[in-house]
Each structure stands twice: as structure tokens, then as C-alpha cells.
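Engineer: next come a sequence and a model predicted from it.
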Amino acid sequence: MASRVGIAKSKELIHPPKWLPANIHYEVLTGSVSYGVSNDASDMDISGFCIPPKESVFPHLAGEIPGFGRQLKRFDVWQEHHVQDKEAKKEYDFSIYSIVKFFQLAMENNPNMLDIIHVPQRCVLFSTPVAQNVRDNRSLFLHKGSYQKLRGYAYSQLHKIGTKANASNPNRQADIERFGYDLKFGYHVVRLVLQCEQILIEHELDLERNREILKAIRRGEWSEEKLRTWFDEKERHLEELYTKSTLRHSPDEDAIKELLLQCLEQHYGSLTSAVKREVPVDKMISELKSVIEKYEGHRSVSF
Amino acid sequence: MKDSEQITTKLKTDISIMLKTLKYLPTDTYIQQLDLINSLLESLRYYSDDRDFALFMDTIQYIYYPYVCKGLQKTNRYSVDYDKGEV
């Protein structure tokens, strides 16, 4: 199965770095499709991650000394928006991250990255065993820092509701004129707050859980006043939840790094020449010792 | 050679080889191999007499155990020199 980036590249619709199409590991539909609230007119937001060439991830292998001389260009993300596929009558927005950048942002509980690893299976367009490993271990990334991140994004969307003009999008301008506020900003406020609530209580994230509420807002069934009142009440509720939640306070960086190294090793092969990795020698020795000690009574000299 | 002797000789050889190769293994495979060694030792204890088994356990304690420990500490396979990129 080819990735969407690969297909779009073969049609000459996009212009990613040359190495990228062959090194995509994960591609998913994000945005309204993944929340279960899309309509036919919705854009296709395609997001995911790739693994860049080894020298981009480990520049010292190419002879770079950090801070001295010419530094190799790091690859963080490739984005291309408003890509028209006239054949399929679709418009695509692509955002493909380097796996390293992706892990860093996901570890910080960036809401967009959390979405990418929690999209429902039907939204997964392309996935390698590396990506499956990341999806299987996605609970590693969630921590209480998501409260600040998601609440911060919700505030930002709430602030934008106050802007009563959207010259770049006629449909949304029409919403403002008809309903008094931009419904899209409104539904994002509610989505982010409900996602935050779900993470703090359940330590999991089901993106489609709140689709009926979100659809109602997109239909204009919530007034701006109702939305703001709801937000004020939920905000107090979230503060209490944050205090009570048993979700880990901060990310387990060692475990996430180990997962990243596993992914890189699956892609590149052995990393012995690229990265310093601690081997639990003491633990390995003690495991061996415990096997021998089981037979203590069967030796002529004690251990 | 009796059947039981053949079995114990084969078991001792297998266990010895597995112990010697432990130091080259990554952590997860190391644990799997230890489990296997453990089950082979159980079989060996079943088929061999007490004295023979005790002698073999002495060999493990005084030869293989120090050999594996030293190997693990020395190899430390993923601890590489960052600048040279070599083990």
C-alpha cells in the first residue's frame, strides 16, 4: 500500500524532500474527520511522521561538531497546504513530522500530536510496524501537562470567537453573520475542554466520543452565551479534576526515549555506532545470579 | 554410553554454550536465554546424579559466572564513544 504522500508525489501535486515519500511511517486523517463531525466539503488534513536520513537525526555521524562550523540542516516538518487533486475532487493539507520532532511535541502533550496518535483506526491511511508500535504505546505520552496545553489552546480559540470577521473564509463569515460567532472556533473550544476532561479521568483519548455535541455546535444550536457559560463551569470542574487525577504528573522521558530508539533501530538497523545507551548490566548479572542461586543446595561450595 | 549420560552430556554442552554467549545478547534476549538455561538446568538435575550436578554447578559458579559478568561489564554494547562512533 502506498502512502498518500507517495501517491500525491507520483501525480506531481506536491514537492516534499526527495527522501521523504519512501520514509513515511504513519499517515492519518486528522481534524474534523477524526472527530466524526466532517461533511463533504471538509478539507482532508493528512498528518503523520517519517524517519529522516540517519545523518539528520545523528549529525555527528556526518562529522558535525555541535556549535562549530557548518551545521547540518535539521528536518523537523514538511507541510504543504491547499493541495488540489482535481481527479479526486479533493483538497489536501499535508503535515509530516520528523519522528524526533513528533515524539518531542507528543511528549509535551501538544494537542495536534495527541490527535495524530489517537485517531480512530478508520482514519489511519498508512502505517508501518514502527508506527503500530507507537500507537500501541501511546498511553506513554499522556500526562497532566495535557491540562495546561489543552486549556491553553481552548483559551486561544475562545479569544478568537471575539473576532467578528473572517475575510479569508466566506462560509465562516456567513456563520458569524448568522449565529453571532465563528462556529468552528466554538466547537474547538468545547472539543479541547472535553478531551482534557477525558484524559484526566480516563487516561485515554477517544476523539469521537463527543461528536454529537460538536455536531450540534457546528449546526449553530449553541449560542455564544451558552458556550461561554459552559466554558466557565467546565473550567472550574477541570481545576478540581486536575488536583484529583491520578494521571502521571510529567512524562516518563526515559520510557519515551526508549520507544523512540526502538523505532529508529527498526528503521535504520543497529544504533550501536550512533547513540549511547545504558545497558542494565547490574540487573542482568543479578538475574543470572538468581538462576544459579536456585541450585544452591546442589553445589559442593556455597555461592 | 547410557541414555541418561547422553542426555546429560548434551544438556551440559547446550547450557555451557548458552552461558558463554549471554554476554553478546541485548537485554530482552538475555532474559529469554536465562529462562531457557534455567529450564535446561531443571532437566539436568532430573537426569544427573547429585554429585555430577553439583560439580557442574561449581563449574557454572567459578568459571561461567565470572566470565559472563566480566563480559557484560566490558562489552556494554551500546555504550559507545560518541565522538568516534565506535564501540
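Structural biologist: Noted; the coordinates are in hand. Numbers count the residues shown, from 1 in each chain, chains lettered A, B, ... in the order given.
Engineer: let me know the secondary structure of A:Leu158.
Structural biologist: helix (DSSP: H, G, I helix; E, B strand; the rest coil).
Engineer: what's the closest non-adjacent residue to the spatially most central residue of chain B?
Structural biologist: With distances taken as C-alpha atoms, centre = their mean, the residue of chain B nearest its centroid is B:Leu19 (1.5 Å). Nearest residue to B:Leu19 in three dimensions, chain neighbours excluded: B:Tyr64, at 4.2 Å (C-beta to C-beta, 6 or more residues apart in numbering or on different chains). No exception for glycine: its C-beta is placed from N, CA and C like everyone else's.
Engineer: so that neighbour is in contact with B:Ser16, correct?
Structural biologist: Yes: with contacts counted by C-beta atoms under 8 Å, B:Tyr64 reaches B:Ser16, the gap being 7.1 Å.
Engineer: which of those two has more residues huddled nearby?
Structural biologist: Between B:Tyr64 and B:Ser16, counting by other C-beta atoms under 10 Å in any protein chain shown, B:Tyr64 is the more crowded of the two (19 against 16).
Engineer: contacting residues around the more buried one?
Structural biologist: B:Ser16, B:Leu19, B:Lys20 (C-beta atoms under 8 Å, 6 or more residues apart in numbering or on different chains).
Engineer: hmm, 10 Å instead?
Structural biologist: Contacts for B:Tyr64 (C-beta atoms under 10 Å, 6 or more residues apart in numbering or on different chains) come out as A:Leu288, A:Ile292, B:Ile15, B:Ser16, B:Met18, B:Leu19, B:Lys20, B:Leu22, B:Ile37.
Engineer: repeat for A:Lys9
Structural biologist: A:Lys9 neighbours (C-beta under 10 Å, 6+ apart): A:Ala2, A:Ser3, A:His15, A:Pro16, A:Lys18, A:Leu20, A:Pro21, A:Ala22.
Engineer: and what about the fourth one, helix, strand or coil?
Structural biologist: Same thing as A:Pro16. coil.
Engineer: ok, it to B:Leu11 distance?
Structural biologist: 57 Å (C-beta to C-beta, to the nearest Å).
Engineer: could you do the first one as well?
Structural biologist: Distance from A:Ala2 to B:Leu11, counting by C-beta to C-beta: 52 Å.
Engineer: so for those two, which residue has more residues nearby?
Structural biologist: Neighbours were counted for A:Ala2 and for B:Leu11 using other C-beta under 10 Å; B:Leu11 has more, 20 against 13.
Engineer: B:Gly71 - how many residues pack around it?
Structural biologist: Neighbours of B:Gly71 (other C-beta under 10 Å): 16.
Engineer: er, A:Ser10 actually
Structural biologist: Counted with other C-beta under 10 Å, A:Ser10 comes out at 11.
Engineer: give me the mean pLDDT for whichever strand or helix holds B:Phe53.
Structural biologist: Per DSSP states H and E: B:Phe53 is located in helix B:50-59. The average pLDDT within helix B:50-59 is 91.
Engineer: any regions of chain B where pLDDT drops low?
Structural biologist: B:1, B:75-87 (pLDDT under 70).
Engineer: again, only using 80
Structural biologist: Filtered on pLDDT under 80, chain B yields the residue ranges B:1-2, B:24-29, B:73-87.
Engineer: longest helix in it, please.
Structural biologist: helix B:27-47 (DSSP state H).
Engineer: quick check: angle from it to helix B:50-59?
Structural biologist: 160 degrees (axes from the mean of the first three to the mean of the last three C-alpha atoms, to 10 degrees).
Engineer: what residues of helix B:27-47 count as buried?
Structural biologist: B:Tyr30, B:Leu34, B:Ile37, B:Asn38, B:Leu40, B:Leu41, B:Leu44, B:Arg45, B:Tyr47 (16 or more other C-beta atoms under 10 Å in any protein chain shown).
Engineer: distance to B:Val68 added to those, as JSON lines?
Structural biologist: Shown next, in JSON lines, are these (distance: C-beta to C-beta, whole Å):
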{"residue": "B:Tyr30", "distance to B:Val68": "10"}
{"residue": "B:Leu34", "distance to B:Val68": "10"}
{"residue": "B:Ile37", "distance to B:Val68": "11"}
{"residue": "B:Asn38", "distance to B:Val68": "14"}
{"residue": "B:Leu40", "distance to B:Val68": "16"}
{"residue": "B:Leu41", "distance to B:Val68": "15"}
{"residue": "B:Leu44", "distance to B:Val68": "18"}
{"residue": "B:Arg45", "distance to B:Val68": "20"}
{"residue": "B:Tyr47", "distance to B:Val68": "24"}
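Engineer: those also near chain A: which ones?
Structural biologist: By C-beta under 10 Å from any C-beta of the partner chain, the members of the buried residues of helix B:27-47 lying near chain A are B:Tyr30, B:Leu34, B:Ile37, B:Asn38, B:Leu41, B:Leu44, B:Arg45.
Engineer: list the residues that contact the nearest residue to the third one once chain neighbours are set aside.
Structural biologist: I take that to be B:Ile37. With sequence-adjacent residues excluded and distances taken as C-beta to C-beta, 6+ apart, B:Ile37 is closest to B:Met18, at 5.2 Å. With contact taken as C-beta under 10 Å, 6+ apart, B:Met18 is in contact with B:Leu25, B:Gln33, B:Leu34, B:Leu36, B:Ile37, B:Leu40, B:Tyr64.
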